[in-house]
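K.L.:
What follows is a predicted protein model with its sequence.
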Amino acid sequence: MPADKTASPTVSSPAFPSIDHSNALYQRAGELIPGWTQLISRRADQFANGVSPIYAQRAKGARFLDVDENEYIDWVNAVGAIILGHADDVVDGAVKEQIDRGSIYTLNSPLEIELAEELIATIPSAEMVRYTKGGGEACAVAARIARGATGRDIILFCGYHGWHDWYQAANFGVDPESGEYPFAGIEPIGVPRALAGTVIPFAYGDAAGLAQLLAEHRGQVAAVMMEPARSELPPQGYLEEVRRLTQAHDVVLIFDEVSCGWRPALGGMQEVTGVIPDMTVVAKAMSNGYPMGAVVGKRAVMEAARTMFISSSYWSDNIGLIAALTTIRELKRRNGVAYLQQVGEALRAALNSAIADAGLQGSCSGIAANPYFSLTLPDGVDRRKVNTLFIQEMARHGIHTLVSFKATLAHGEEEIARTQSAATAACHLIRRALDEGDLDKYLVADIKKEPFRRLVR
Ligand SMILES: Cc1ncc(COP(=O)(O)O)c(C=O)c1O
């Protein structure tokens, strides 16, 4: 039985912001849009459903206004796609100028070459470049190129790589009821069964397991595609061993840096670790919220795409190109990586102080620009409920977040201070709920759903 939304658990807690308009729109969406949203991570059940806002009307810098006129500090940032801050003046200015010159030409745009040069100068593995409009699409292009270049079919993977058939076919290899991977309890409905066995997951950090898979499928593996990291740096020597194994088996190594790229270093996790893959997939933050993705890689592999059919009309659009070019240049000009490190460290410290203030065990840790909040809980306590309570209470205080945070260049001292005071209140409430052994008493929202299990934390 959910708690009463109008009841305030402490004298000082503000009432929950009204989200009536958001809820009405969501109900309408349910009738018109199968699955409500375009991205699963945007569904209401991914947040504190019943409290978290669902629809926004404007966003600027580190904040947005929802359709009920509530303002929030944003730590989700379009699931990482926003890195400079919402509606960045410089990027938007460049886009607006480009719109006046033509959003897409009949002829090809020199911007394609200019951005390729910028990517090659920035990402260590980049010698040649192809474009897409998003991350999953770019992963599909990378998989196609690797298969075309090697003449082999199997892809071993570790991470989330989008919605396409080549990847979702992995679910045929596991029992969906076990909730194993990648969509807990969801079958690969609509994915051709003929693809079963063409894509196989491996566990992050387990180099021996990968070695075994490579040996088992010797001569059949086209590529190893993986997220080199997510919220934590890779274990010492792990990526080096993956690189060694892929070289030994003559397999294309693809780093999917769609989520882990740009924030810890502009050249991505490969720049941080010095382990250089054969191909890299980038998207999201590269264009500060405009649709863009790219596959970059070594000439020896990428050149195979010359004779392959990889082609789409809007991959030539100028908006994503100019947005990406401007975003990357602005990240360099504003010393973005150093700033993200600084703001991320301040955020970690703020959340750790909130945890300590409430006398809880746990930490906010991980890569500074993308840290995560995790409490050490007594046995038997449902973590999903605790996390939902955290998200719910942060929303109460005008902070839109999950338990992981994506920093931007627009976040500063004020956002950190407000986040700290919200987190302190949230942690105290969690502490009280834990002490009373009754999380439900304080949960107004539905328990947050896990969309799919990620292999890389
Ligand atoms: C590592 C990784 N690869 C691919 C994708 C898919 O990108 P998109 O949602 O732009 O298709 C995501 C999205 O979250 C991702 O995190």
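P.N.:
Arrived safely. Residues are numbered from 1 along each chain as shown.
K.L.:
can you give me phi and psi for residue 152?
P.N.:
phi -120, psi 160 (degrees, to the nearest 10).
K.L.:
Now do the same contact list for it.
P.N.:
Residue 152 makes contact with 219-222, according to C-beta atoms under 8 Å, 6 or more residues apart in numbering. Where you see a C-beta, it was placed from the backbone N, CA and C, and this is true even at glycine.
K.L.:
Helix or strand: which one has the closest residue in space to residue 111 that isn't next to it in sequence?
P.N.:
Spatial nearest neighbour of residue 111, chain neighbours left out: residue 321 (4.0 Å); criterion: C-beta to C-beta, 6 or more residues apart in numbering. Under the criterion of DSSP states H and E, residue 321 resides in helix 318-333.
K.L.:
If you average the pLDDT over the next helix or strand after that helix, what comes out?
P.N.:
Later in the chain than helix 318-333, the nearest helix or strand by DSSP H and E is helix 336-357. Mean pLDDT, helix 336-357: 98.
K.L.:
which residues does the single nearest residue of the chain relative to the ligand contact?
P.N.:
Residue of the chain nearest the ligand, by C-beta to the nearest ligand atom: residue 135 (2.4 Å). Listed by C-beta under 8 Å, 6+ apart, the contact partners of residue 135 are 162, 256, 258-259, 281, 283-284, 293.
K.L.:
What of residue 330?
P.N.:
Counted by C-beta under 8 Å, 6+ apart, residue 330 has contacts 84, 88, 90-91, 336.
K.L.:
Filter those down to the ones in helices?
P.N.:
90-91, 336 (DSSP state H).
K.L.:
Please list the residues of the protein that sit near the ligand.
P.N.:
79, 134-136, 139, 159-162, 227, 256, 258-259, 283 (C-beta under 6 Å from any ligand atom).
K.L.:
Let's see the PyMOL selection covering just the buried ones among these.
P.N.:
A single PyMOL command is used to select the members of those judged buried by 16 or more other C-beta atoms under 10 Å:
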select buried, resi 134+135+136+139+159+160+161+162+227+256+258+259+283
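K.L.:
Out of the residues of the chain next to the ligand, which sit inside helices?
P.N.:
135-136, 139.
K.L.:
and which of these is nearest residue 433?
P.N.:
residue 135 (36.9 Å; C-beta to C-beta).
K.L.:
Next one: that closest one relative to residue 415, how far apart?
P.N.:
26 Å (C-beta to C-beta, to the nearest Å).
K.L.:
What ranges does the stretch 301-450 of the chain have for its helices?
P.N.:
Assigned by DSSP state H, counting those that start in this stretch, the stretch 301-450 of the chain shows helices spanning 318-333, 336-357, 383-396, 413-436.
K.L.:
ok, back up a step: redo the residues of the chain next to the ligand as a markdown table? Include pLDDT and distance to residue 361.
P.N.:
Compiled in a markdown table, these are given as follows (pLDDT from 0 to 100; distance: C-beta to C-beta, whole Å):
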| residue | pLDDT | distance to residue 361 |
| --- | --- | --- |
| 79 | 96 | 29 |
| 134 | 97 | 39 |
| 135 | 98 | 35 |
| 136 | 98 | 37 |
| 139 | 98 | 38 |
| 159 | 92 | 29 |
| 160 | 92 | 29 |
| 161 | 95 | 35 |
| 162 | 93 | 36 |
| 227 | 97 | 28 |
| 256 | 98 | 33 |
| 258 | 98 | 33 |
| 259 | 96 | 28 |
| 283 | 98 | 37 |
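K.L.:
Just to check, residue 284 is in contact with residue 259?
P.N.:
Yes - counting by C-beta atoms under 8 Å, residue 259 is a contact partner of residue 284 at 6.6 Å.
K.L.:
okay, and the common contacts of these two?
P.N.:
80, 135.
K.L.:
How about the contacts made by the closest residue to residue 409 other than its chain neighbours?
P.N.:
Leaving aside its sequence neighbours, residue 409 sits nearest to residue 84 (C-beta to C-beta, 6+ apart; 5.0 Å). Neighbour list for residue 84: 90-91, 288, 327, 330-331, 334, 336, 408-410 [criterion: C-beta under 8 Å, 6+ apart].
K.L.:
Can you add distance to residue 61 and give those residues back as JSON lines?
P.N.:
Listed next are the contacts of residue 84 as JSON lines, based on distance: C-beta to C-beta, whole Å:
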{"residue": "90", "distance to residue 61": "13"}
{"residue": "91", "distance to residue 61": "13"}
{"residue": "288", "distance to residue 61": "12"}
{"residue": "327", "distance to residue 61": "15"}
{"residue": "330", "distance to residue 61": "14"}
{"residue": "331", "distance to residue 61": "16"}
{"residue": "334", "distance to residue 61": "14"}
{"residue": "336", "distance to residue 61": "15"}
{"residue": "408", "distance to residue 61": "8"}
{"residue": "409", "distance to residue 61": "9"}
{"residue": "410", "distance to residue 61": "4"}
